[in-house]
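Student: can't give you the sequence, but here's the structure:
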C-alpha cells in the first residue's frame, strides 16, 4: 500500500467495530473492516488523491468524494455508509483534524451575514429551482420539521399539524398583525390568514420563493391579508401583535443573534407573542460541518440553547414556553429522501448526476444527525410580559385529543 492508502486503512481498522465496511482501494486490493459476521457496506475508492483527502479532511472530503464519483458505493446506498460512519465514528468523541480546528476558530467570520451576503446565501440554496422542491416536499411546500402526532400519519398531515401547533402557540385572534421572518413558499402565512383571519406581513430573501408565494396568495384571493416582500428582517419597520419565524434562524449566524432578537423585541407589541422554530444543538455549541457550509447552507449555523438564551435575555424578552421536538425531523427527512429517490428520473432531466449525489448526501446526512441526537428542533415562545400567554398549556391540546380525554374521563366516572 502507498502512504495515504495505508493511513486510511489503519484509521478504518481502528475505528470500524460495529457493522462492516468493505473497501476496494485504487491498487485493486480489497479490505474488510468491522464485524466479520455482518454483511458489509461495499465501497470503491477511485484514486489515491481521494485517499489523501479523506485522511487529511474527512469532514469535507467524504461528501466531495461521493459527489465527484471518487467514492462509489454498491447500490449507491449513501445512507448505509453514513449510518455506519455515525455508529462507529461520529457518535463518539474523536480527535479533531487540523482543518476542523481552524474552521471552529473561524466560525464567527464564516457566519458573518450582513444583508448583501445573506441574500447571496439564500439564493445559493433556495433559488435552485422550485420544481426540485415540488418533487420531494409535501403539497404545501413546507421545508421545515413536520409534527408527527402519530407515527402512522402521512407527511401532508404532519405538516398541517406543525402549522396548527404554531398557530395555537401564537394564540392568534382575527385581524391581528403578524410578521413572518422567512416566508418559505408562503404556506404558513396563507394558513394563518385563512384559518385565523390574521393580517400577515412575510419577508424573504429568495426571489424564487417570493414568486411562488405571491402567485399562491393571489390565487386564493388573500392579497389583502398576506403581503409577501423581498426584504431582510433587519429592514422591517412597524409593530406587530405576533412574530413567527420557522426554519430561518439557522441562517442568522452567531455574530447576529443579538441583532436578531433586538429586532424581534423592537417590532413586537408590548402584549405580543413571538414563536421561533429552529433546528438546535442539544449538546452545546459547535461548528457547521465543512461540507454543509460549502455546498448546502453557506453562512448557516445550528445553535445551542446556551447561545440563544443570552441574546433573548439581553433583548428584554422572556421565554413563556419551550418545546423540544426530537425525532420529528428525522421522520420528516426520511420522507423527503423517499420522495426524492422516487422522483430521481424527473430530477435528472434538469440536474446532473453530481447535483443529485450532492442532494442524496445532504438528505441522508441530515436525517442521521437527528436520528443520532446531534440535532433537535427548538420552539421558543417569547413575549415581553409574563401574562401574555395562559399560565397553563391546556390551550395547546388539540381538539381531537381534548375530546378523547373528555370521553375517557366520562367512561371512568360513569
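Tutor: Right, received. Where do you want to start? All of these numbers come straight from a predicted model, not from anything done at the bench. Numbering: from 1, shown residues only.

Student: Then residue 167 would be within a strand, right?
Tutor: No - Residue 167: not assigned to a strand; according to DSSP: H, G, I helix; E, B strand; the rest coil it is helix.

Student: What is the neighbour count of it?
Tutor: Look at residue 167: counted by other Cβ atoms under 10 Å, it has 19 neighbours. For glycine as for every other residue, the C-beta is placed from the backbone atoms N, C-alpha and C.

Student: Number the chain from 186, please
Tutor: Done: numbering now begins at 186, and the last item shifts to residue 352.

Student: ok, it - contacts?
Tutor: Counting by Cβ atoms under 8 Å, 6 or more residues apart in numbering, residue 352 makes contact with 376, 377, 380, 381.

Student: shouldn't the last one be in contact with residue 356?
Tutor: Okay, so that is residue 381. No - in this structure, residue 381 is not within contact of residue 356 by Cβ atoms under 8 Å, at 9.6 Å.

Student: Between the two, which has more neighbouring residues?
Tutor: Taking other Cβ under 10 Å, residue 381 and residue 356 do not tie; residue 381 has more neighbours (21 against 18).

Student: residues touching that one, list them.
Tutor: Residue 381 touches 352, 355, 357, 358, 359, 361, counting by Cβ under 8 Å, 6+ apart.

Student: The stretch 286-435 of the chain: strands as residue ranges?
Tutor: Under the criterion DSSP state E, counting those that start in this stretch, the stretch 286-435 of the chain contains strands at 362-366, 384-389, 411-415, 425-431.

Student: so which of those gets nearest residue 324?
Tutor: Of all these, strand 425-431 sits nearest to residue 324, with 17.3 Å by Cβ to Cβ.

Student: any idea of the mean pLDDT for the helix or strand just after that closest one?
Tutor: Using DSSP states H and E, the next helix or strand after strand 425-431 towards the C-terminus is helix 442-452. For helix 442-452, the mean per-residue pLDDT is 98.

Student: Check which helices and strands helix 442-452 is in contact with.
Tutor: Applying 3 or more Cβ pairs under 8 Å, 6 or more residues apart in numbering; DSSP states H and E, we find helix 442-452 packed against strand 425-431, helix 490-499.

Student: Which secondary structure elements does whichever helix or strand comes after it sit against?
Tutor: Proceeding N to C from helix 442-452, the next assigned helix or strand is strand 453-465, under DSSP H and E. On a contact count with 3+ Cβ pairs under 8 Å, 6+ apart, strand 453-465 meets helix 340-355, strand 425-431, helix 490-499, strand 561-568.

Student: now strand 453-465: how far from the chain's centre is it?
Tutor: Offset of strand 453-465 from its chain centre (Cα atoms, centre = their mean, to the nearest Å): 18 Å.

Student: same question, stretch 329-344
Tutor: Distance, stretch centre to chain centre, for stretch 329-344: 15 Å (Cα atoms, centre = their mean).

Student: One more: stretch 343-350?
Tutor: With Cα atoms, centre = their mean, you get 16 Å for stretch 343-350.

Student: related to what we said a few turns ago, CSV for the contacts of residue 352, including pLDDT and distance to residue 575?
Tutor: Shown next, in CSV, are the contacts of residue 352 (pLDDT from 0 to 100; distance: Cβ to Cβ, whole Å):
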residue, pLDDT, distance to residue 575
376, 96, 22
377, 97, 20
380, 92, 20
381, 93, 17
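
Student: May I ask which of the residues you listed has the most neighbours?
Tutor: Neighbour counts for those (other Cβ under 10 Å) peak at residue 377, which has 26 neighbours.

Student: and it, what is it in contact with?
Tutor: The contact partners of residue 377, taken as Cβ under 8 Å, 6+ apart, are 352, 355, 357, 363, 365, 383, 385, 411, 429.

Student: what's the closest non-adjacent residue to it?
Tutor: Closest residue to residue 377 apart from its sequence neighbours, by Cβ to Cβ, 6 or more residues apart in numbering: residue 383 at 4.6 Å.

Student: Run through the residues that contact that neighbour.
Tutor: 357, 359, 360, 361, 362, 363, 377, 410, 427.

Student: nearest to residue 532, of those residues?
Tutor: The nearest one, if we look at the contacts of residue 383 relative to residue 532 and count by Cβ to Cβ, is residue 377, at 31.4 Å.

Student: in the sheet, who's paired with the residue nearest in space to the middle of the chain?
Tutor: What sits nearest the mean C-alpha location of the chain, by Cα atoms, centre = their mean, is residue 464, with 5.7 Å. Taking DSSP bridges as the rule, residue 464 bridges to residue 562.

Student: re the thing from before, quick one, grab the pLDDT at the residue nearest to residue 377.
Tutor: For residue 383, pLDDT reads 96.

Student: what do you get for residue 296?
Tutor: 63.

Student: got it, and residue 430?
Tutor: Looking at residue 430, its pLDDT stands at 98.

Student: List the beta-bridge partners for it.
Tutor: residue 461.

Student: From residue 355, how far out is it?
Tutor: The gap separating residue 430 from residue 355 is 11 Å, by Cβ to Cβ, to the nearest Å.

Student: so what's in contact with the two at the same time?
Tutor: Shared contacts of residue 430 and residue 355, counting by Cβ under 8 Å, 6+ apart, come down to residue 460.

Student: Now do the phi/psi pair for the residue nearest to residue 250 when sequence neighbours are not counted.
Tutor: Closest residue in space to residue 250, ignoring its immediate chain neighbours: residue 256 at 3.8 Å, by Cβ to Cβ, 6+ apart. The phi and psi torsions at residue 256 (degrees, to the nearest 10) take the values phi -130, psi 120.

Student: related to what we said a few turns ago, which stretch among the helices and strands packed on strand 453-465 comes nearest residue 514?
Tutor: Closest among the helices and strands packed on strand 453-465, using Cβ to Cβ: strand 561-568, at 5.6 Å.

Student: For this protein, give me the ranges with low pLDDT.
Tutor: The chain contains residues with pLDDT under 70 at 186, 276-298, 302-303, 306-312, 583-599.

Student: Show me it divided up by domain.
Tutor: Using automatic domain parsing, the domain ranges for the chain come out as 188-280, 297-505+569-588.
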